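Asker: Could you work out the structure for the sequence below:
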Amino acid sequence: MRGFLHCYCHDIYGIRPVERELRNTVVWLSCGFDRPPSRDAVDRFLTDLEHVVDNVFDRLVEQAARCGLLDLTYCIDSTDVRAMPADQDASKCYDPTADEYYHEYGCTIVSTGSKIPIAAEFTESKQAPEETASASRVTRIAVAQPI
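Answerer: This is a model prediction of the structure:
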C-alpha cells in the first residue's frame, strides 16, 4: 500500500507507470519491499484492492451511523478524477483557465451535514446529466437508506 500511496502522491497512475516507479531502488526500499514488485503483482494488488474498498467504505458508514455522526441533511457533490490520456474510457475535457486538455472520470459523493461521505459513485465525467445526478443509484440509496 505504501508503494501505491507514494505513486499517487507523485501523480503516477496505472499499472505500468506504478511498476516503473517501484523499480527505483530508493522507492521500493523506502516503501518496505524486499525487492521491486512485478507488473503482475501490481495488477493483482489493484484487482484485490477493488474488492476490499467497497466493504471497508460500507463498514465505515455503518459505524458512523451507530455513533450518531450522521444526520438528515445530505449534500451531493461531483468532482473530477484525473485519468491517464491512454485511458480510453475516460472523458476528454478542456480546462480554459489552464488552457489544456485532460482526461477524467467523475465522482458523485453524497455526504451528511457533517461532511461525512456516506456513498460515492464514479461516472464517465464530472458533468453528469441532471437525471443522473438527481436519480442516480448512489443518491437514492444514500437518502432512502443511509445505513
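Asker: Give me the domain ranges for the chain.
Answerer: For the chain, automatic domain parsing gives the domain ranges 1-69, 71-147.
Asker: list the helices and strands the longest helix anywhere in the chain packs on?
Answerer: When the chain is parsed with DSSP state H, its longest helix is helix 39-66. Helix 39-66 sits against helix 15-21, strand 117-123, with contacts defined as 3 or more Cβ pairs under 8 Å, 6 or more residues apart in numbering; DSSP states H and E. All C-beta spots, glycine's among them, are computed from the backbone N, C-alpha and C.
Asker: how about the nearest residue to residue 117, chain neighbours excluded?
Answerer: The shortest distance from residue 117 to any non-neighbouring residue, by Cβ to Cβ, 6 or more residues apart in numbering, is to residue 111 (4.7 Å).
Asker: give me the number of residues near the one you found?
Answerer: 18 (other Cβ atoms under 10 Å).
Asker: tell me which element it is part of?
Answerer: strand 100-112 (DSSP states H and E).
Asker: Off-centre distance for that strand?
Answerer: 9 Å (Cα atoms, centre = their mean, to the nearest Å).
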